[in-house]
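Enquirer: Predicted structure and sequence below. I'll ask about it afterward.
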Amino acid sequence: MIHVAWLIPVLPALAFPLIVFLGKRMPGKGAEIGIVAVAVSFLMSLIVMAHFVANGNARPEEAGFTWFDLGGFSLQVSMFVDGLTAVMFCVVTFVSLCVQIYSTAYMHEDRRYTWYFAALSLFTASMLNLVIANDLIQLLVGWELVGICSYLLVGHWWEDKVNSNAGIKAFITTKTGDVPFLFGIFVLILATGTSNMHSINLGADQGAIGQGLLFAGALLLFGGAIGKSAQFPLHVWLPDAMAGPTPVSALIHAATMVAAGVYLVGRMFSVFFNAPHFVLLFVGIIAAITMAITALLAMIQDDVKRVLAYSTVSQLAYMVAGLSLGPAGYTPGLFHLFTHAFFKALLFLAAGSVIHAVHSNNMSEMGGLRKRMPLTFWVFLIGAAALSGIPPLAGFWSKDEIISIAYKSHTYWLFAFTLATAVLTAFYMTRAVLLTFFGEYRGHAEPHEAPVAMAGPMVVLAGLSCVVGFLGPTHLFAHWVHFFGEPFVIEPVDYGFAAISLLGAAAGVVVGYGLYRRWRVPDPLRRLGPAYTLLERKYYLDDVYERGLVRSIQYPVADAVDAVDRRVVDGAVNGVGLAARGMGGLLRYLQSGSVQRYAVFLFAGVVILALIFTRVT
Amino acid sequence: MIASISSQEIAFSVIGVVGIISALRLVTTKNVVHGALYLVITLAMIGAGYLVMAAEFVAWVQIVIYVGAIVVLLLFALMLTKAPIGHEALDNQQRGISALVSLAILSGLVFLVLDAFRTTTFSPLAQTSTAEIGQDLFKHYVAPFEVVSILLLAALIGAIAIARKDEP
Amino acid sequence: MIHLWLPLVFSAALFAIGVYGVLARRNAVLVLMSIELMLNAVNVNLVAFSKSVKSVVAVAGATAAAGQIFALFVITVAAAEIGIGLAIVILIYRNRESINVDEVNLLKW
Amino acid sequence: MNIDYHAIAPELFMTGTILLVLVFDAFLPEKRKQITMPVGLIGTVGALVATLTLIGADDRITFGGMYVVDQFAVLFKVFFLASAIVVLGLSFRYMQEGRYYQGEYYVLLLSAFLGCLTMPSSRDLIMLFISLELVSAPGFLIAAFRKTDPKSNEAGLKYFLIGVLSSAVMLYGMSLIYGVTGTTRLSGIAQALATKAGDSNIALAAILLVVAGFAFKVSSVPFHFWAPDTYEGAPMPVAAFLSVPSKAAGFAGLLQLMFVAFLPKADFWAPIFAVLAILTMTLGNLVALRQTQVIRLLAYSSVAQAGYMLLPFALVTTGNTSLNHDAFAAAVFYILVYGVMSLGAFAVVIGLAREAPGAHIEDYRGLGARAPALVVAMTAFLVSLAGIPPTAGFWGKFVIFQVALDRGDIGPWLAGIMVLNSVISLGYYLGIAREMVLVPSEVERRRPRVPGLVTGLVLLGALAVVVIFIYPDLFARFPDGATLVGR
Amino acid sequence: MTWEGTAVSLAVFLPVAGALVIALVPRSRVSSARTLAVLFSGAALVVGIAILFGFDYGSGSGLQFELHTTWIKSIGAGYHVGLDGISLPLFELTLLTTFLCAVYSLNRMPTGASPKAFLALMLLLETGMLGTFVAFDLALFFVFWETVLVPMYFMIGVWGSGNRQYAATKFFLFTFFGSVFMLLAFIGLSFQATPHTFDIQFLQQHGGAISHGLQLILFGGMFLGFAVKVPMWPLHTWLPDAHTEAPTVGSVLLAGILLKMGAYGFIRIAFPTLPYAAVKWAPYIAVLAVIAIVYASLACLAQRDLKRLIAFSSVGHMGFVMLGIATMTTVGINAAIFGMVAHGVITGMLFFEVGSIYDRYHTRQIAEIGGGVLRKMPKLGGALALTAIASLGLPGLAGFWGEILALLGAYQPGPGLDVGLYRTLMVFGGIGTILTAGYLLWTVQRIDYGVVPERWDQVALEDTTRVEWLSWAPLLALIVVLGLVPTVVFGITNDAVRALTGFFTGGG
């Protein structure tokens, strides 16, 4: 079965053209094609997973065929299936399946319903391709394709310029990270003569790649991760990307695509690990900055989706932080990726349900929904608790592992950051729950509970959010996903650290409850004064990018280039033409019309020629 | 530079000076008819020069065609065109540059001639006779002779067509 | 015995004077006369050379009388040219009531 | 003495034709004078046939070496007679409708063509001089043939004055050549110039003066000033005559002088030609950019084209026989190609003379829609003049470039200047095409009534331009085989 | 006269025969001219497809379907045509694109003068373009090269829009300016072979023997000719004008094929015949190429005219092609050829779409169209979005491989080239890809997205017609196929490119 694992991405890929060309004529307007395809993929993923569950140290499955030969090196379409791949398969196909089922209801009245499902299928296929790829270029293909799908889906409601702007911003920002990523690929290809990721990893392990090249390669690759996983300083696109339909956010911007950067680091971990130590240090620093600043931002958002978005960035930073701790953090980092996918997708779907009901994203127009949408409330609460690190839910286990590993590996500063972020996380999630579901209803629409198609996936995800966490302390996950042969440091869960992180979470919850028990205008955090403004302005980063970089290139610089092109470059061309005409205009005055003047020229010409050419001895 | 001056040279010099002076008058005179007369003198002096150089056939052709025919033709033209008299009427505005060009040509040619032929002399009498010229003309130069007749014919017909007053 | 330079300088002078006349005179007939001076200068050259070139190398087509015959052709052609020139002058006079060469400048640039 | 009558049969035919036309003219009633043209045409065709019999024959030397009929001469004679047929065809309706003295016109035109015929056979200074005058003198007259038009008078006067002055300069040079070498025979001059006598300043100056006379004929700067004024003022077929047969005759003479008589002094005169060529093409092209009267524009264009044809002369060196031969062939080939394309362009202008007698460029607006065939042909001619494939003019330039680059030294520089000039020239050639095709006419105009004969000639010319392009060997082997006797 | 020997010539000259036939169609039966154009270009395409089947892909480095006879003895030019792995993709692209243009013209003929003339010129143009890609004799190459000028001049000048006369004249003069110097270089090159020859294959094998100084000069001459055509910065200014003013079919052919001729010339002639000069010139070419990439994308941001924007984008995309060539590596040159084919397909398609938008809106000003095309005409808008996304180099679509592999080539340039410089250029090229994505997405946003402006709301605008689909579908399919299965090009080119790089890596 594992030999045909390649079918997992291929099925949704086939679904895409089918939906595009036939979808409109199907009874379910194409949705069923996508759902069936991804459902089959999911089942196959489970089978693949089972293979690794059955045997934690099963050999990775490699296969491939030549895509094309070019000069000396040949490019392959190939697959590399190991435990990590299998886990990712399951996550992607499962979340995609949930989201697609959910969307049949959520997007019910959308005018581009069919196209929406086509894009979802394309995304799923691309993401799965990214996961299965054993070739950097192939991975890049998937990498960019998920980017364009994100662009298309974020801008799905492009009638409103805000949405298409967000799509462009998402694409361009991640593309900015992709360029160093591309160069990193070049470095590794030229260093090893192959783009096969497994070979490159082996090469790095065996010391076949020089330190300098590893350094450059790893840093540049991380550039891609910064873009895709929305790490500082390229995190700015993700909150804006919330402009897309909420299920899209759940799938792409919470569970899968944004995790691709983390996955990349995990997949190429030999390169990072064997590179000079500074690389992982740098990765950790970036992660620390990101998790802190975005958690702070999440505190003050009014838009529930933005809260979740910043939270996502922050949690991604957790994962990255985990990986930055080296082999010890490898499994926890990826485990957090795994658990986060469930509860964050759940949170988004639940938020979507709320938004669906109240026709607004803003928490200031919600409140008191606990009674009107009890199911949604409960699942949201489960998600929030999981995210906040309340045991025994999923987030607790994975986050706790990272925090404790940070401490145990003597990376105390990172420990401090992770712990502080945990407090903040608990705080802002408490705030979100309170503002959304408690107090009085402040909205205008008539809220109603989600239909079955939406509720089902939410319930399933909620259930999973409760249980998947136990894969951590039971070390099952570590058996499937580990670095370098053997699972790393398997030791019993350190309840001391669990207590610390739980304490932190509780602190966050308590403060949040204290502040947001009742609906208050203005937000109590405004009392922070200038600090609040700083957060409100998103540390002015968007302003710097937007006004300083994008607008200045888009208008003054571009206009200047255009002016230079017209006036100077083209001006020179036209100037030559005008000069020729001008000279012609002057020279024609020689033709004065007076025949005797002509005769003067004639004789003078002879005399001058004679003077020049006759040798005067 | 002149080792000895022969009588022929004296004669030629005199002829030359007269010819040049009248030529100069021709291009400076204020009266066109006078100009024609100066032309006659110059042409005649040239003919005389040919005689001194013992090229008598050319000399007589010179006198007959130029003095006899061409000058008359020119005089007719002068009368037909009622040319005005006076400095301004006969000269254009570029006398200065003309003089300059003319002097440049003169000095150039004189330089070249003296440079090449300072010492060359010839004895006129030892040379060709009219009979020889006639023989050569019809022996070697029949072709141009025939062609030039067509030229004259064409010039004649064309000149008539052009100068004729009536409209076709 | 004549020094060759003597007729040649005479010819050069005539030629130069002719050039001056052509360039500086505005009356078309005078211009024609000046042209005659130039052509005559050529003839003086030819005749003088025909008397002196015997001493030059023997080359193809070097006949004794070539120079003088050349001069005869020049005279003939000059006559034809004068005829043509005068015809044109008269034509112009008929159309413009003037034969000032410098006024003939409809066509220019 | 024995005269080779076969050798001079074309000239004899032509002479007979001239006399016959004269007789017809005398006896035809006023309204039927146009019949003189077919008479002349038949005679010209006869002369052409006579010339064709000389192709491939041995070189015929007659009149004591003064008159030579070699393949070079035959080639040019065929060319002249062919262009004579074209010019006659172009003249027919134009002259008939324009109240001209038709009989006299054809007599003069054919006389000038007789001069063209004798030119490439003339291997003697006297003969060259006479031939040149025979080409020029009737030209002076027919340039002024629109008698009531002051512009035509002016055209004649200017052409005449510059022509005669140039002749005088040339004759002065010839007299000096004679004085230095003792002969008027071209081969003799070459012999003498190869000796010490050729080293004198006066010999070099004489060469310069002789070149000046022919430079006038080919309208090289600074002897070109007559050309634009005369082309513009003269009747259009006369302009066509001046631009092609007359110019080609000048080149025929120049080729013989330079490649026979003056070849030993090539190192002296080649740089002069370099200067003349550069000045000529550059000035011609630059000024042509500013012209709005098409004939005048074509006149400047023909000045510029003369510059291209002069360029191979600048590449000649004393001693490098094969290179000299290539330069010679390149010049001849370009002249022949130029003849086809330039006559074609004039033919189009003449064809449109009924609608646009002033030949102003605005008159041609929107012609693309009204006379597509004519415009296609005109485009072919213009593109060819600019030297762009797929037309014959391209190979014309190509061979010149080839020789120039083979020459090395100044050759590449000259080629570089020439290509720049090609670009400039394209500016105004395109200008004509633009007015004809791209700019619509502001006023409603009818389809032009183009004489059938002219249309036929135009299309024939266009076809020739393309055919020569596709297979230039058809044409290019002539100059290759056209050896000059005495060289 | 075998099929092998005549097939190429048949494909090259069928269109010109068609042009003649069309020219002879009487004025009253003009509509049949359109059918004839489709027939003749289709016949040529059929020959091309037959060649595709007969081509031996195992030996792409050698000339196939070769015909080598004398043509002009006096000049030394031969009629030498054939196809190798480098020519074949471009040859087929030309056949296909022109055929599609003919199909498109069935009901989208530019207004103006006689359609007969337009179609005849288009076919004449096809012959010139095809010939350029198959000629293996410099003189023949040049002839075909220049043959495209006249038809294109008239296509722009007569059937173009607004400022067409200026644009047409500029196009003609500018390209002619470049090519005459190239001609001089060709002739100069021919004299360096003994015996003198214009045969490209022969010259390639003997390129190393030419003195270094002369090589640099000859390369300079060729550079002018090819660089103007590509066009490379700063010789590009004819392009925006010409593309903008040309009728749709003219723009498609200009962008789709004509520009490729310049880059092809570099690959086929300049680099292999002058290996020493190539190494010396390549860094400058690379620098100019990268300037073009960045400059063009910046200029694109400033364009208000949709067509001009697309036109400018060609400058940038050809910058990638030139960067690939200038790396002098197998990867880079393969990338360049791929990039050319991809750009031909993509930009050709973009111009089709822009043309169709113009046909409906009668304006090219982005602000006047005002967005909402995707709402108003979902098919047209969708096709535009797809093509634009392909243009920005998305993997899985055609535009990707040319860009990425050109950059890869720049990371490790050929022997003798400054690695530091090329890597710096690579970085700027990478920045260029971001800017490219930026302006293309911005353009899609401004055209496709948003609500339909009021002024167009009530106007009935027809979505893509059947004939449009007919002429677009192959290109759209190619965009996807090339992206997913790049072997369709690389499989053909790789051998030939390897053989070619041998001339300057081995012989330099």
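Expert: Happy to help now that I have it.
Enquirer: excluding its backbone neighbours, what's nearest the residue nearest the centre of chain B?
Expert: Central residue of chain B (C-alpha atoms, centre = their mean): B:Leu43, 5.4 Å from the mean position. Nearest non-adjacent residue to B:Leu43, counting by C-beta to C-beta, 6 or more residues apart in numbering or on different chains: B:Tyr66, 4.4 Å away. The C-beta positions use only the backbone N, C-alpha and C, and glycine is treated the same way.
Enquirer: same question, D:Pro472
Expert: That would be D:Trp395: by C-beta to C-beta, 6+ apart, it lies 4.5 Å from D:Pro472.
Enquirer: Repeat that for B:Ala104.
Expert: A:Val607 (4.9 Å).
Enquirer: Could you list every helix and strand in contact with the helix or strand containing that neighbour?
Expert: Using DSSP states H and E, the element containing A:Val607 is helix A:595-613. Judged by 3 or more C-beta pairs under 8 Å, 6 or more residues apart in numbering or on different chains; DSSP states H and E, the packing partners of helix A:595-613 are helix B:95-117, helix C:5-24, helix D:150-181, helix D:201-217, helix D:226-233, helix D:266-288.
Enquirer: Any buried residues in it, and which?
Expert: The neighbour-count check on helix A:595-613 (16 or more other C-beta atoms under 10 Å in any protein chain shown) flags A:595-607, A:609-610, A:613 as buried.
Enquirer: Relative to A:Ala350, which of the residues you listed is nearest.
Expert: Ranked by distance to A:Ala350 (C-beta to C-beta), these are led by A:Phe601 at 95.9 Å.
Enquirer: Let me see the contact set for that closest one.
Expert: Counting by C-beta atoms under 8 Å, 6 or more residues apart in numbering or on different chains, A:Phe601 touches A:Leu590, D:Pro222, D:Phe225.
Enquirer: let's go with 7 Å and repeat that
Expert: D:Pro222, D:Phe225 (C-beta atoms under 7 Å, 6 or more residues apart in numbering or on different chains).
Enquirer: got it, and the one 4 residues further on?
Expert: For A:Gly605, the contacting residues are D:Pro222, taking C-beta under 7 Å, 6+ apart as the criterion.
Enquirer: Secondary structure element holding the nearest residue to D:Ala240 once chain neighbours are set aside?
Expert: Closest residue in space to D:Ala240, ignoring its immediate chain neighbours: D:Phe346 at 3.7 Å, by C-beta to C-beta, 6+ apart. Taking DSSP H and E as the criterion, D:Phe346 maps to helix D:321-351.
Enquirer: Considering only helices and strands, which part of chain D has the lowest mean pLDDT?
Expert: Of all the helices and strands that make up chain D, helix D:473-481 has the lowest average by mean pLDDT, DSSP states H and E, namely a mean of 68.
Enquirer: Likewise for chain A?
Expert: Of chain A's SSEs (mean pLDDT, DSSP H and E), minimum confidence goes to helix A:476-480, a mean of 80.
Enquirer: D:Pro222 versus the residue nearest to B:Ala104, what's the distance?
Expert: Computed as C-beta to C-beta, to the nearest Å, the A:Val607 to D:Pro222 distance reads 11 Å.
Enquirer: Equivalent analysis for C:Val22, please.
Expert: Counting by C-beta to C-beta, the gap between C:Val22 and D:Pro222 amounts to 16 Å.
Enquirer: Over to E:Thr387?
Expert: 60 Å.
Enquirer: And the contacts of the strand or helix carrying E:Ile479?
Expert: Per DSSP H and E, E:Ile479 falls inside helix E:466-484. Residues from elsewhere that reach helix E:466-484, judged by C-beta under 7 Å, 6+ apart: E:96, E:100, E:103-104, E:106-107, E:341-342, E:345-346, E:348-349, E:352, E:356, E:383, E:386-387, E:390, E:395-398, E:400, E:488-489.
Enquirer: Over to stretch D:450-457?
Expert: Taking C-beta under 7 Å, 6+ apart as the rule, stretch D:450-457 contacts D:Val86, D:Gly89, D:Leu90, D:Phe92, D:Arg93, D:Ala347, D:Ile350, D:Gly351, D:Leu352, D:Ala371, D:Leu374.
Enquirer: between these, which has the most around it?
Expert: Using other C-beta atoms under 10 Å in any protein chain shown as the neighbour test, these are led by D:Ala347, with 32 neighbours.
Enquirer: how about that residue, what does it touch?
Expert: D:Ala347 makes contact with D:Leu90, D:Val454, D:Leu457, D:Val458, D:Gly461, according to C-beta under 7 Å, 6+ apart.
Enquirer: and the third one, how many neighbours?
Expert: By other C-beta under 10 Å, the residues close to D:Leu457 number 23.
Enquirer: And the pLDDT for it?
Expert: pLDDT for D:Leu457: 93.
Enquirer: mind showing which ranges of chain E have poor pLDDT?
Expert: Residues of chain E meeting the criterion pLDDT under 70: E:1, E:112, E:505-508.
Enquirer: Closest one of the contacts of D:Ala347 to chain E?
Expert: Among these, D:Val458 lies closest to chain E (C-beta to the nearest C-beta), at 15.8 Å.
Enquirer: and the closest one, how many neighbours does it have?
Expert: Residues near D:Val458, counting by other C-beta under 10 Å, number 28.
Enquirer: pretty sure it is touching D:Ala345, no?
Expert: No. D:Val458 sits out of contact with D:Ala345 when judged by C-beta atoms under 7 Å, with a separation of 9.3 Å.
Enquirer: who's more crowded, C:Val22 and D:Pro222?
Expert: Between C:Val22 and D:Pro222, counted using other C-beta under 10 Å, the more crowded position is C:Val22 (31 against 23).
Enquirer: Name the nearest residue to the more buried one, sequence neighbours excluded.
Expert: C:Ser34 (4.5 Å).
Enquirer: Can you name the residues of chain B that neighbour chain D?
Expert: Applying C-beta under 7 Å from any C-beta of the partner chain, one finds that chain B approaches chain D through B:112, B:115-116, B:139-144, B:147-148, B:150-151, B:154-155, B:157-158, B:161-162, B:168.
Enquirer: From these, which land in helices?
Expert: In this view, the residues of chain B next to chain D that belong to helices under DSSP state H are B:112, B:115-116, B:139-140, B:142-144, B:147-148, B:150-151, B:154-155, B:157-158, B:161-162.
Enquirer: Give me the below-cutoff pLDDT ranges for chain B.
Expert: Those would be B:1-4, B:83-88, B:126-128, B:166-168, if you go by pLDDT under 70 across chain B.
Enquirer: Show the contacting residues for E:Met349.
Expert: Contacts of E:Met349 by C-beta under 7 Å, 6+ apart are E:Thr387, E:Trp472, E:Leu475, E:Leu476, E:Ile479.
Enquirer: Burial check on the third one, number of neighbours?
Expert: E:Leu475 has 23 neighbouring residues, counting by other C-beta under 10 Å.
Enquirer: how close does it get to B:Ile21?
Expert: Taking C-beta to C-beta, one finds E:Leu475 at 91 Å from B:Ile21.
Enquirer: Where does the stretch 401-550 of chain A get nearest to chain B, which residue?
Expert: With C-beta to the nearest C-beta, the shortest gap between the stretch 401-550 of chain A and chain B falls at A:Leu549, namely 68.4 Å.
Enquirer: Quick check: that residue vs A:Ser150, distance?
Expert: Taking C-beta to C-beta as the measure, A:Leu549 falls 21 Å from A:Ser150.
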